[in-house]
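Undergrad: Fold the following for me, if possible:
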Amino acid sequence: MALGPASADTPPPEPHIERPGPAEFRDPAVRDEFKRASVWIGMALVVVGIITLAQPLMLIVGGMVFSVILDGGTRLLGRVLPIRRGWRLGIVIIGAIAFLGWVGWFAGTTLAAQAEALRAVVTVQGERLLGWATGLGLLPKGQTFDIGKQIAGSVGRLTSAVGSALGALTSSILIVVIGIFIAAEPRLYDRGVAWMLPLRHRTYFYVITNRVGATLRRLLGGRLVGMAFEGVFTFAMLSLGGVPMAALLGLITGLLAFLPNIGAIVSGVLMVAVGFSAGNGEGLWAIFVYFFVQNVDGYLVVPYIARRTVDLAPALVLAAQLVMGALFGLIGLLLADPVLAAIKVTLEELSRMRAGELPTEPGEPI
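TA: From the prediction side, this is the model:
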């Protein structure tokens with residue numbers, strides 16, 4: 001066949017069309033896969049960042065929770081004392097510091113000897129319990145009871161911020177300072193975060209932060225009421241029954257009431273151990289006091305408070321405490337309940353937003 005110029009009857013060749021290859025971002029499929037990969041990589045980096053920066057993050061969250069307590073006290077004081085917010089906040093701060101100082105002084109001067117006696121009593125009772133379990137063949141022989149290791153093991157991994165007395169004091173000071181700064185100008189920090197959001201989302205942000213703040217104020221306020229109730233009633237009833245170290249046990253019970261579930265179990269074990277160290281009658285009375293106080297608090301105080309705040313399932317709270325205690329140590333265990341409540345309220349408000357129940361016009365809330 002002779003090659004020559006194309007005849008008039010031969011159709012012209014089709015032009016070659018270049019299409020994007022699989023490595024080019026112009027391909028919609030590649031762009032979608034790249035977005036998915038970016039989301040997963042971003043989530044992995046966030047998880048690594050949270051674990052790496054666990055200590056400062058927990059201090060910041062602790063400062064925010066403390067600021068909610070200060071803000072709630074300032075608002076409550078404003079109902080009976082109509083003065084400027086700054087003066088009311090100063091009164092609340094001075095009162096809180098004075099109360100904490102009194103607790104430290106009272107515990108250090110009056111209860112120091114009882115604290116050492118409590119440690120000895122719990123150690124002896126623990127050895128007796130281990131001996132009884134060993135005699136029944138439930139535990140291998142040779143085990144010893146060390147209350148320090150038991151407490152540390154139950155709490156989980158402690159962060160370096162609370163690994164020593166000096167670290168605990170430094171962390172407490174940082175939490176207090178951060179809380180005071182946030183409570184002094186809460187709108188300043190709200191507007192600072194909202195400024196980084198698009199205009200169409202700022203109204204949602206203000207509504208959600210207001211709802212979360214109100215819920216946490218009621219939750220923590222109710223928790224303080226429950227702490228005072230359990231501490232005072234435990235002290236009064238243990239003293240009535242002749243149980244030794246009633247003041248120390250009342251103080252410990254009141255402080256541990258900040259931790260739902262776990263705090264009640266720990267305080268109950270200590271109470272019963274001290275009761276039986278004095279006699280069977282005192283031990284049975286300690287058991288009665290524990291169940292009486294916990295039932296009154298659980299069926300009267302807590303339901304009344306829960307009606308005005310977020311309702312958290314006990315199993316969910318316990319799971320959050322275990323997870324945050326394992327990840328972030330003692331600070332995570334203390335903050336598990338407020339963090340869980342904030343997350344639940346945020347998710348509820350986001351669902352309302354998607355359902356169109358929240359306002360859509362940009363602007364700050366009243």
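Undergrad: residues of stretch 347-359 that come out buried?
TA: Neighbour-count burial for stretch 347-359, counted by 16 or more other CB atoms under 10 Å, picks out 349, 353. Heads up, the C-betas are built off the backbone N, CA and C, glycines and all.
Undergrad: So what's the model's average confidence on it?
TA: The predicted model assigns stretch 347-359 a mean pLDDT of 76.
Undergrad: Please export the C-alpha coordinates of that stretch as PDB.
TA: Provided in PDB are the C-alpha atoms of stretch 347-359 (Å, rounded to 0.1, in the frame of the first residue of the first chain):
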ATOM      1  CA  LEU A 347     -24.300  17.500  71.400                       C
ATOM      2  CA  GLU A 348     -27.900  18.200  72.400                       C
ATOM      3  CA  GLU A 349     -27.600  21.800  71.200                       C
ATOM      4  CA  LEU A 350     -26.000  20.800  67.900                       C
ATOM      5  CA  SER A 351     -28.800  18.400  67.300                       C
ATOM      6  CA  ARG A 352     -31.300  21.200  68.000                       C
ATOM      7  CA  MET A 353     -29.300  23.400  65.600                       C
ATOM      8  CA  ARG A 354     -29.600  20.800  62.800                       C
ATOM      9  CA  ALA A 355     -33.300  20.500  63.500                       C
ATOM     10  CA  GLY A 356     -33.700  24.300  63.100                       C
ATOM     11  CA  GLU A 357     -34.700  25.000  66.600                       C
ATOM     12  CA  LEU A 358     -31.900  27.500  67.300                       C
ATOM     13  CA  PRO A 359     -31.800  31.100  66.000                       C
END
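Undergrad: Show residues contacting that stretch.
TA: Residues from elsewhere that reach stretch 347-359 (CB atoms under 8 Å, 6 or more residues apart in numbering): 203-204, 207-208, 211-212.
Undergrad: In helices, which of those fall?
TA: Among these, the members found in helices (DSSP state H) are 203-204, 207-208, 211-212.
Undergrad: which parts of the strand or helix carrying residue 100 are buried?
TA: Applying DSSP states H and E as the criterion places residue 100 in helix 85-109. Neighbour counts over helix 85-109 (16+ other CB under 10 Å) mark 88-89, 92-93, 96, 107 as buried.
Undergrad: elements contacting it?
TA: Packing partners of helix 85-109 (3 or more CB pairs under 8 Å, 6 or more residues apart in numbering; DSSP states H and E): helix 54-78, helix 165-184, helix 246-256.
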